[in-house]
Each structure stands twice: as C-alpha cells, then as structure tokens.
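Peer 1: Just a sequence and a predicted model for now, questions to come.
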Number of protein chains: 2
Amino acid sequence: MARKTGSHSEITGPRIRAVAERLFARHGYAAVSMRQIAAEVGVQAGALYLYTPDKQSLLADMMREHLEGLLAALADLPAPPDPAEALAQFARFHVDYHILRPDAVFIAYMELRNLEPAHFAQVEALRRRYEDALEAILQRGRDMGVFSLPDTKLATLALIAMLTGVTNWYREGGRLGRAEVLGIYADMALKAVGAGPKR
Amino acid sequence: MARKTGSHSEITGPRIRAVAERLFARHGYAAVSMRQIAAEVGVQAGALYLYTPDKQSLLADMMREHLEGLLAALADLPAPPDPAEALAQFARFHVDYHILRPDAVFIAYMELRNLEPAHFAQVEALRRRYEDALEAILQRGRDMGVFSLPDTKLATLALIAMLTGVTNWYREGGRLGRAEVLGIYADMALKAVGAGPKR
DNA sequence: GTCTATACAGGGATAGAC
DNA sequence: GTCTATCCCTGTATAGAC
C-alpha cells in the first residue's frame, strides 16, 4: 500500500512495449493506432506519451533492442575451432532464438521500411554485424577447405533466410518439437555448404 | 484521334495497378493512401473507384494474380523424371521468377495480414498449392532414396524461404549476374537435401 | 501520473456537376 | 471518365484539469 492508486509507471512502461510489439507484429506498424495500443494497455492514448516521445520511437527502440539482444546472446556462445561445429552451433542458436521471439523477429524483418532514415541506419548496422558473424564462419570453413562455397556472402544471406523462415510456420506444441526442429535446420545448413552433418 | 480526350480507361486501369504495386511494395499497404496512388497515376482520388471497388480489392487482386501467374508458369515447366533434376529446375525457376518481380513478391509475402479473411483464404490456398508442388518433388526424391530428408514439409518450407530470400539482396547489375545466382541457389538447394549438385 | 477533451491533419469513400 | 466538394472516421499529438 505504499504506492498511490493510479501510479503504475514501472508497470505501464513495459506493458506498452509488450502490447505494441504484439500489435505491430499482428497488424503491422502502420495499421496500428496509438489509440489501439492505449486501449489494450488500459490507459488513454495521451498517457502513452509519458513513456515514449512518439510512435516511431516505440518501433525503433523495439527493433534496436531485439537486435542488440540477438548480438549479445551470440557473443555469449563459445567459438568452436571446427567450422562445421561453429556453423551447426550458429544454426541452432539462430533458430532457437528466433522461435522464442516470433513477434520481435517479424517486426525486425518487416518494418524496416517504416523506420526513419536515422533509425534505419542504426538497425541496419546491427543486422550487418550479425550477418558478418555468420560470414566469418563460412569464410573460415572455405579457407580450411571444409565448406564448398562459390560465394560466401550469398551463402550467408541464403542460410539466414532459410533459418529465419522457421518463424513462418513453427508453433509451440505442433507436430515437431523444438529440439527436433533445431537439429533438422542445423543439418540442412551444414549440408547446404557442402559439409557433412555433425555426428 | 478516334478517342475523346479524357477517356483513358484502357490505360488508367493497368496504370493504377502498377502504381499501387510499386507503392505498396515500397511503403506498405497500410501506409499508402488512395490519394497518393491517384497523384502518381495523374488522376483524382475519386477516379480510382471507377477501376476498383475499394483499396482492399486492389491488394487482394494483385496478390491473387501474382500467385496465379506463379502457378501457371510452374505448370508450364516439363516434369523431369529425375528428382534431383526436378528440384534443380524448381529452384532455378523460383529464384528467376522472384528476381524478376520483386515488388509483387514482397507484397505477396508481407501483406497477408492486411487481407480480409475471405481474400486471405483464397491467397493461402494458392500458396499452399505452390508449396505442395515442391513437397511432391521432395517426397518422390525421398521415396526413391536420392534425397535425405528427416521431414519433407519442413524441408519444403526451409527451401522456399532460402530461395525467396534472394529478393532481399539481389539487384540488377550487381556483383553477381542472374544466371550465376540461379546456379548457386540451385546448387545449395540440392546439397541441402543431400543430393549432389547436378552436373 | 493519469485523465478528458480537443486540435488538426489526413484517411477512405461517395455524390453530383461537367 | 474525370472532376470538385464533401462526409465521416481515424490518425498523432498536446493542453490542462485532477
């Protein structure tokens, strides 16, 4: 009872972000109104502006935080000396991380065009760093002669597209379990670059 | 001189569709206004409604026509008895068709959530038919023992995601030529399902 | 800190003149 | 077939009461 009724700043802030993320993912940034977000949070539209300067920042912050979280989690992984092992680990990590955050992923890939140029540049730089991490693995594997790759950049983008595609269909409690899915994708990724599956 | 000035129905109709496609792809369906479309076409907003009942039909028609064109083109291909050859052909076809129609593809993948339920169902059915065509190839290859696939449905979706990803980066006149790109993708697709590249 | 009320721009769509 | 004018709704954002 220490807090006055009507004072919820520590709760409302995160709730706005959560609701906005769900609505943006479901209907698209441009199609969602501040009134809609406010209604789901349980406040008036005007109250949102206590927590965000505007709608655009809501989007940009959510995308930046998602990508920063992705990069931080990636950096926490060990760095296996064997390229095949490194690729398998990356594939499993990527699929797992994306499966667990479908809304954030969807937004990060679909709403780029709704970012103002300054925000776009920041987000693109983060995405680029992530792609570079995979490309480094592929490059090393090619240099060591264990991957067969006509073009590492193309392969990087092809693999990321393939792995990210999991979010288009995977549903918790579906026909295939998460561990199973991770394994299959890692397997396909390895084979796609001409390395045998890790055994 | 047979036609009165101001009468352009045979030109305006297609132009509206073309302009709408470009704008929807660039900014997103929800972010584009009828006034914007009209301005680019060179007519007043009200005139659009002579060619389309509403904005939603503009989107639904464009998506349905894209997918119908895709299916028709696919049906025109020969049906190689060798599954590896069939998959290579599918991969090359898919990448090529998508590379040549980046706007239509982008819309077909990004604007599904802006379709009303009835239109959504139609479009989903078409997409499903396309996926089934690839799955049939994979299934046959697995039955014949030339593909190594833990799950044909997952592999279908993974391959389509990988191949469609080409639209995220390919630009005419870039570092890699179209023929080269087709070859590399087909190669990766074959390897991903455990078949050697076609020689 | 949150509310109501509201400003003001722009949305989709229609009516009716030409 | 195209125009202007307009209806009515919804958009973002702010002001000021509580």
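Peer 2: Arrived safely. Numbers count the residues shown, from 1 in each chain, chains lettered A, B, ... in the order given.

Peer 1: Identify the single longest helix in chain A, thanks.
Peer 2: If you go by DSSP state H, chain A has its longest helix at helix A:117-143.

Peer 1: Tell me how chain A divides into domains.
Peer 2: Domain assignment of chain A by automatic domain parsing yields the ranges A:1-52, A:54-192.

Peer 1: Can you convert the ones you listed into TSV and add a column each for mean neighbour count?
Peer 2: Quick note: C-beta positions are derived from backbone N, CA and C, even for glycine. TSV is the format used below for the domains of chain A (neighbours: other C-beta atoms under 10 Å in any protein chain shown):
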stretch	mean neighbour count
domain A:1-52	15
domain A:54-192	18
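
Peer 1: least reliable of the ones you listed going by mean pLDDT?
Peer 2: Ranked by mean pLDDT, the domains of chain A bottom out at domain A:1-52, which scores a mean of 81.

Peer 1: gap between that domain and the chain center?
Peer 2: Counting by C-alpha atoms, centre = their mean, to the nearest Å, domain A:1-52 is centred 22 Å from the centre of its parent chain.

Peer 1: hmm, it in reach of chain B?
Peer 2: Yes - if you take C-beta under 8 Å from any C-beta of the partner chain as the test, domain A:1-52 does meet chain B, through A:Arg26, A:His27, A:Gly28, A:Tyr29, A:Ala30, A:Ala31.

Peer 1: how about these, which pair is most distant?
Peer 2: For the residues of domain A:1-52 next to chain B, the maximum inter-member distance is 12.8 Å, found between A:Arg26 and A:Ala30 (C-beta to C-beta).

Peer 1: what about the helices in chain A?
Peer 2: Under DSSP H, chain A gives helices at A:9-27, A:34-41, A:55-75, A:83-99, A:102-110, A:117-143, A:152-164, A:178-192.

Peer 1: rewinding a little: out of the domains of chain A, which is closest to DNA strand C?
Peer 2: Each of the domains of chain A was scored for nearness to DNA strand C using C-beta to the nearest atom of the strand, and the closest is domain A:1-52 (2.8 Å).

Peer 1: what about that closest one, near DNA strand D?
Peer 2: Yes - judged by C-beta under 7 Å from any atom of the strand, domain A:1-52 and DNA strand D are in contact via A:Val32, A:Ser33, A:Met34, A:Arg35, A:Gln36, A:Ala45, A:Gly46, A:Tyr49.

Peer 1: List the residues that contact A:Gly141.
Peer 2: A:Gly141 sits next to A:Pro83, A:Ala84, A:Ala86, A:Leu87, A:Phe147, A:Leu149, A:Val193, A:Ala195 when contact means C-beta atoms under 8 Å, 6 or more residues apart in numbering or on different chains.

Peer 1: For the closest residue to the second one other than its chain neighbours, which residues are in contact?
Peer 2: Distances taken as C-beta to C-beta, 6 or more residues apart in numbering or on different chains place A:Ala195 nearest to A:Ala84, at 4.5 Å, with adjacent residues excluded. Taking C-beta under 8 Å, 6+ apart, we find A:Ala195 in contact with A:Pro83, A:Ala84, A:Leu87, A:Gly141, A:Val146, A:Phe147.

Peer 1: Can you lay out those residues as CSV showing distance to DNA strand C?
Peer 2: Below are the contacts of A:Ala195 laid out as CSV (distance: C-beta to the nearest atom of the strand, whole Å):
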residue, distance to DNA strand C
A:Pro83, 50
A:Ala84, 51
A:Leu87, 45
A:Gly141, 49
A:Val146, 53
A:Phe147, 48
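
Peer 1: Quick check: of those, which lies closest to A:Val19?
Peer 2: Each of those was checked against A:Val19 using C-beta to C-beta; the closest is A:Leu87, at 37.3 Å.

Peer 1: For the closest one, give its distance to A:Tyr130.
Peer 2: Using C-beta to C-beta, to the nearest Å, A:Leu87 is found at 15 Å from A:Tyr130.

Peer 1: Over to A:Val95?
Peer 2: In this view, A:Val95 and A:Tyr130 are 14 Å apart by C-beta to C-beta.

Peer 1: returning to what we had before: what about the residue nearest to A:Ala84, distance to DNA strand C?
Peer 2: Computed as C-beta to the nearest atom of the strand, to the nearest Å, the A:Ala195 to DNA strand C distance reads 49 Å.

Peer 1: right, and A:Gly194 touches A:Phe147 too?
Peer 2: Yes - between A:Gly194 and A:Phe147 there is a contact under C-beta atoms under 8 Å: 5.6 Å.

Peer 1: ok, now which ones touch the nearest residue to A:Gln44 once chain neighbours are set aside?
Peer 2: Leaving aside its sequence neighbours, A:Gln44 sits nearest to A:Ala38 (C-beta to C-beta, 6+ apart; 5.8 Å). Going by C-beta under 8 Å, 6+ apart, A:Ala38 touches A:Gln44, A:Ala45, A:Gly46, A:Ala47, A:Leu48.

Peer 1: repeat that with 7 Å
Peer 2: By C-beta atoms under 7 Å, 6 or more residues apart in numbering or on different chains, the contact list for A:Ala38 reads A:Gln44, A:Ala45, A:Ala47, A:Leu48.

Peer 1: Would you mind putting these into JSON lines with distance to DNA strand C alongside?
Peer 2: Below are the contacts of A:Ala38 laid out as JSON lines (distance: C-beta to the nearest atom of the strand, whole Å):
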{"residue": "A:Gln44", "distance to DNA strand C": "3"}
{"residue": "A:Ala45", "distance to DNA strand C": "6"}
{"residue": "A:Ala47", "distance to DNA strand C": "4"}
{"residue": "A:Leu48", "distance to DNA strand C": "9"}
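
Peer 1: Thank you kindly, that will do.
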